[in-house]
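*Asks:* Provided below are the primary sequence and the corresponding predicted coordinates.
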Amino acid sequence: MNKQYYPPGPFLRFFRWYCHRDYVEDLEGDLLERFERVADQQGPKTAKWLFLKEVLLLFRPGIIRSLPGIQKLNTYDMVKNYFKIAYRNLQRQKGHSIINISGLAIGVATTLLMLMYVSYELGYDKHHTQADRIYRVGLHGKLQDSEFHQLYTTAMLASEMKKTFPEVEDATRFLRLGTINFQLLEDSVATQTYLENSVYAVDPALFDIFSIEILVGNPKEALSSTGKVILSESSAARYFGNKWAEKDLLNQSMVINFGAQPIHMSIAGVVRDMPSQSHFHFDFLISNENIPNSKETNWWNNSYITYLLLNEGASAEELEAKLPTLYEKHLPPKAFENGNEWWSFLQPMADIHLKSNLPGEFEPNGNIIYVYIFLVTAVLVLVMACVNFVNLTIARANNRFKEIGIRKVIGSTRSQLVFQHLVESQVYCLIAVLLALVLLLVVMPTFRSFADVNITLDYFDYKIIIPGLLLFSLLLGSLAGLYPAFYLTRFAPINTLKGTLNKKGTKVAFKHGLLIFQFVISISIITGSLIISKQLHYIQNKQLGFEKDGVLVLENLYFLSEEIDEFKYALEQNAGIIATSASLSVPTIPFSNVQFKPQDHENMAFDFIFADEDFAETYGVTLDKGRFFSTEFASDSMALVINQAMALKLGWEEPIGKQVQLYGNADLTFEVIGVIEDFHHKSLHHSKIPILVLPNFYRRAYRDNYLSIRVAGGNLQEIISHVETTWKRFIPEVAMTYFFMDDHYNNLYKGELQVKTIFKLFSGLTASIALLGLLGLVGYITQQRKKEICIRKVLGASIRHLLGILAKRFLVLILVALVVTVPLVWVVTDSWLQTFSYRIDIPWSAFVMAGVLTLIVSFVTICFQSLQAVMANPAMTLKDE
Amino acid sequence: MSKHHLGEFEEIVMLTVAILHDEAYGVAIIDEMEQRLNRKVSIGALQTVLRRLEKKGYLSSKLGEATKARGGKRKRFFMLTSYGKKVLAEVKEQRLGLWNAIPKFVFGE
């Protein structure tokens, strides 16, 4: 070795960098030795090339060290270890794990259920491809200080709007024909008579505006001509069997009765049923061409529901601003006197289900407020379940401090420990979410029938929901595990190992805060559901001014026409029937609204019904002044009964003898013979409405639609079969349909009842989550104070005394929660109650009841959990050191 | 068949280590192999095999004294363990058994 050569530095450094620490010395020695020899023998250049080659060839597994920082042993094996430890902890503390996981699972299941309900409600009318351009036109009116919004518009509106405003691409009308009866014709011979409920007369543009799938025939063409009827898929199946598609339904003829004359019609098509998330459904569609009134040019006659399809890019606001001109053009100037107003407004299709609740909607709509309430509650429940998880995990932390201390001593970094605990909470969450899914599957059918909501699991896309749930579980696991993970790992190992950790102080305050938070939520929901129940009980049992119980109502009475009195007489032969009354409408069914001219007043619109002389008796309506109609007075054909609200509105102190003209027509002048007490024929969201009752027993021109039967109680089944036989005797060709007034009345509160049932469910669930949290926490505290308890016992404390000591702290917390809850619930329920014209005062008893209930159940829970510690033999516990 | 499978290169490396006896360190092994077998061997190829054999327990190693040569780096000397010897002997037995089983006329003696 004459001359000193040096290998290329960068490559040597590269080698030193990648090489395994154990091998670096001798390998570098080998490299250098070789380099020096080759440099000596073959020159430095070759040596350098060879050196480079050797360094590169050494860069292979087995020689390379592990990536810096993460030791190879740790990454995989430690993560595996985290799962193992998580699983062992789960197993070792079975009780705790069950409480923790089931609390989370219940929370998640509840939230999922609510979210499904919310997204179901929000998903209405989305199936129409042009939904964002479809608008419904309503009518706004202001008549002498009373403002109203209504769904029904004039027959001319659709065509006029299309003609006048360029924004309107198309328009269609719906005319509700109500229940019709029809007969299928076989070889021109009528068979049985059927009744069909949802029958509408529509315009051909229907198929251009809405997305309705055509199954058979050419319905669009059929709607431009008379004598054609279009069936929905389900009604086709109803009359022609499930295999209707195999039969040739087209041109099958039928006779339909909905006007004065029966009309011969033939089937021109079958369309797919509207999905359940649609604000309207129909069974039969016929063309407006069949309806003489559809050509009516009277702008006062409002009976059509009008839908518009706007051009792409057209602004609904701009169009709406122009709408008043239409009514100014077509109504006489007199209509706008005295500050009266008439104009149309637009409702976007997407808003109809949740934001529109006009009288006479196709079907009862949802309510956006309830959707918000559910959404907020769902989130609260989820937060509560997370809080519960955090609380329980921290409570259990005591057992983990030593483990964490030892891990730290052995060399775990804090980030690794945080990661470990996050992994653990992920495991818990994943189990909880899976459990929640199972729970959801089990609860779903019950919930569907319980809350009367048509949601199914296949409503969800599994491709989205499964990864979604996994992601959700990941997020939830991180969220719920974040605080425990950081909390547990923050302490110096020496303190955790020596057990001198100060676990009192702020941490306890935090845990207490979380517990209070849980109880605030659950007591709120319990109180809320109590108040909802009370209000609903109130409105369902309020003196409505009539007796809704024990009234059976027969529909489609107009078949009887002239035979009504005979029919009534035949019915009353049964001792169980007290009274019967035929009328144009009954409470809960919208009354007609017509212009009247009361004496000394201008024309006004009032709700009215035609009813016979037995109406007051049948419905238990009380007379305030004068008398009700009677057949004994011939003059009663032109008599009239009003209610107190009407007398009040007109300022009549002595109403008897006053005169009222129907349509302001002097030939139709009625005289007031009596005043009845107010009765609520609409839901109690509305206040008392002025009503006129006109006699129908001399004027059969207005057909009586309903026959109300007051039953005395007793054997209802027998009475119904008597009514049925009598009906068959009079109208053998039509099937009898009936309903009970109280059922129908309760139906007015469908939305509220739904909220009530769901809230009941909620209150049970949240209460159980809160109690699980309490259970876990009490268990932990008792465990901690075991020695203290035993020493107290040795010194002579009684079991009752010990339980008192343990319970006191929690009961104070619950009381604090109660105090926080009151104003919260007060504000929310008060704003809900404001939506009713008739409402209860917020009952203090609800708070007291919820509070006492929570306290009792909590106390039982506490006792149950701590009794074991209190009963234990002190010697056993104290010697255990 | 033995459960100890040795690759061809592994066998050669072990034999070379045995030949060098107390002097078997990286460069020496390569030199020996190049000399005897006329075969180019890179340090990388050799070292991975050495480490592997050591892991399997056929070889053991120890670091020698630091010298002035090699930039003051110590040499790592490899030697056969008794287990390694046994395996090597087993391999030899198997080879011989195979040779002996070949019919005489194949190689036309």
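*Replies:* That came through, no problem.
*Asks:* Can you list phi and psi of the residue of the stretch 351-500 of chain A found nearest chain B for me?
*Replies:* The minimum distance from the stretch 351-500 of chain A to chain B, using CB to the nearest CB, falls at A:G411 (24.8 Å). Heads up, the C-betas are built off the backbone N, CA and C, glycines and all. Dihedral pair for A:G411: phi 130, psi 10, per degrees, to the nearest 10.
*Asks:* Could you give the number of residues near it?
*Replies:* 9 (other CB atoms under 10 Å in any protein chain shown).
*Asks:* A:I789 against A:A869, yeah?
*Replies:* Yes. The criterion here is CB atoms under 8 Å, and A:I789 meets it with A:A869 at 5.6 Å.
*Asks:* shared neighbours of these two, anything?
*Replies:* A:T782 (CB atoms under 8 Å, 6 or more residues apart in numbering or on different chains).
*Asks:* circling back: tell me the spacing between the residue of the stretch 351-500 of chain A closest to chain B and A:I494.
*Replies:* 15 Å (CB to CB, to the nearest Å).
*Asks:* Mind jotting down where the strands sit in chain B?
*Replies:* Ranges of strands within chain B are B:59-63, B:76-80, based on DSSP state E.
*Asks:* got the contact list for A:D30?
*Replies:* Taking CB under 8 Å, 6+ apart, one finds B:Y25, B:G26, B:V27, B:I43, B:Q47, B:R70, B:K75 in contact with A:D30.
*Asks:* what pLDDT does the fourth one get?
*Replies:* The pLDDT attached to B:I43 in the predicted structure is 85.
*Asks:* For it, which non-adjacent residue is spatially closest?
*Replies:* A:E54 (4.8 Å; CB to CB, 6 or more residues apart in numbering or on different chains).
*Asks:* now for the helix or strand containing that neighbour, which elements pack on it?
*Replies:* Using DSSP states H and E, A:E54 maps to helix A:44-58. In terms of contacts (3 or more CB pairs under 8 Å, 6 or more residues apart in numbering or on different chains; DSSP states H and E), helix A:44-58 is packed against helix A:9-18, helix A:24-42, helix B:43-56.
*Asks:* A:V442 is nearest to which of those helices?
*Replies:* Distance to A:V442, taken as CB to CB, is lowest for helix B:43-56 among the helices and strands packed on helix A:44-58, at 54.8 Å.
*Asks:* Same question for the closest one: list its buried residues.
*Replies:* Judged by neighbour count (16 or more other CB atoms under 10 Å in any protein chain shown), helix B:43-56 contains these buried residues: B:I43, B:G44, B:A45, B:L46, B:Q47, B:T48, B:V49, B:L50, B:R51, B:L53, B:E54.
*Asks:* Over to stretch A:857-864?
*Replies:* For stretch A:857-864, burial by neighbour count (16+ other CB under 10 Å) applies to A:V857, A:S858, A:T861, A:I862.
*Asks:* got the CA positions of that stretch in PDB?
*Replies:* Taking C-alpha atoms only, stretch A:857-864 is exported to PDB below (Å, rounded to 0.1, in the frame of the first residue of the first chain):
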ATOM      1  CA  VAL A 857     -85.000   5.500  39.100                       C
ATOM      2  CA  SER A 858     -81.500   7.000  39.700                       C
ATOM      3  CA  PHE A 859     -81.700   6.200  43.400                       C
ATOM      4  CA  VAL A 860     -82.700   2.600  42.700                       C
ATOM      5  CA  THR A 861     -79.800   2.400  40.200                       C
ATOM      6  CA  ILE A 862     -77.400   3.800  42.800                       C
ATOM      7  CA  CYS A 863     -78.600   1.500  45.500                       C
ATOM      8  CA  PHE A 864     -78.500  -1.500  43.200                       C
END
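*Asks:* mean confidence for that stretch?
*Replies:* The average pLDDT within stretch A:857-864 is 81.
*Asks:* which bits of chain B sit near chain A?
*Replies:* Contact residues (CB under 8 Å from any CB of the partner chain) of chain B with chain A: B:25-27, B:30, B:42-45, B:47-48, B:51-52, B:63, B:69-71, B:73-76.
*Asks:* excluding its backbone neighbours, what's nearest the residue nearest the centre of chain B?
*Replies:* In chain B, the centroid-proximal residue (CA atoms, centre = their mean) is B:M14; its distance is 1.6 Å. Take B:M14 and drop its neighbours on the chain: the residue closest to it by CB to CB, 6+ apart is B:L88, 5.6 Å away.
*Asks:* What about the one you found, how many residues nearby?
*Replies:* 19.
*Asks:* B:T16 is in contact with that one, correct?
*Replies:* No. Taking contacts as CB under 8 Å, B:L88 lies outside contact range of B:T16: 11.4 Å.
*Asks:* Below-threshold pLDDT in chain B: ranges please.
*Replies:* Judged by pLDDT under 70, chain B has its weakly predicted residues at B:1-4, B:109.
*Asks:* Name the residue of it that lies nearest to chain A.
*Replies:* Relative to chain A, the nearest point of chain B is B:K73 (3.0 Å; CB to the nearest CB).
*Asks:* what about that residue, how many neighbours?
*Replies:* Neighbour count of B:K73, defined by other CB under 10 Å: 20.
*Asks:* contacting residues around the closest residue to it other than its chain neighbours?
*Replies:* Spatial nearest neighbour of B:K73, excluding adjacent residues (CB to CB, 6+ apart): A:G29 at 3.0 Å. Going by CB under 8 Å, 6+ apart, A:G29 touches B:G26, B:R70, B:G71, B:K73, B:R74, B:K75, B:R76.
*Asks:* same thing with A:S159?
*Replies:* Residues near A:S159 by CB under 8 Å, 6+ apart: A:A171.
*Asks:* what is the rounded mean pLDDT of stretch A:101-115?
*Replies:* Rounded mean pLDDT across stretch A:101-115 is 85.
*Asks:* The closest residue to A:F362 other than its chain neighbours: what secondary structure?
*Replies:* Spatially, and ignoring its direct neighbours in sequence, A:F362 is nearest to A:F280 (4.0 Å; CB to CB, 6+ apart). Here A:F280 is recorded as coil under DSSP: H, G, I helix; E, B strand; the rest coil.
*Asks:* any residues touching the lengthiest helix in chain B, and which ones?
*Replies:* Using DSSP state H to define each element, chain B has its longest helix at helix B:82-101. Here helix B:82-101 makes contact (CB under 8 Å, 6+ apart) with B:S2, B:H4, B:L6, B:E11, B:M14, B:L15, B:A18, B:L53, B:G57, B:Y58, B:L59, B:L80.
*Asks:* could I get stretch A:435-447 in PDB with only the CA atoms?
*Replies:* Output of stretch A:435-447 as PDB, limited to C-alpha atoms (Å, rounded to 0.1, in the frame of the first residue of the first chain):
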ATOM      1  CA  LEU A 435     -75.000  -3.900  17.300                       C
ATOM      2  CA  ALA A 436     -76.900  -0.800  16.400                       C
ATOM      3  CA  LEU A 437     -77.500  -2.200  12.900                       C
ATOM      4  CA  VAL A 438     -78.900  -5.400  14.400                       C
ATOM      5  CA  LEU A 439     -81.100  -3.300  16.800                       C
ATOM      6  CA  LEU A 440     -82.300  -1.200  13.900                       C
ATOM      7  CA  LEU A 441     -83.300  -4.300  11.900                       C
ATOM      8  CA  VAL A 442     -85.200  -5.600  14.900                       C
ATOM      9  CA  VAL A 443     -86.900  -2.300  15.800                       C
ATOM     10  CA  MET A 444     -87.700  -1.100  12.300                       C
ATOM     11  CA  PRO A 445     -90.900  -3.000  11.700                       C
ATOM     12  CA  THR A 446     -92.200  -2.000  15.200                       C
ATOM     13  CA  PHE A 447     -91.200   1.600  14.600                       C
END
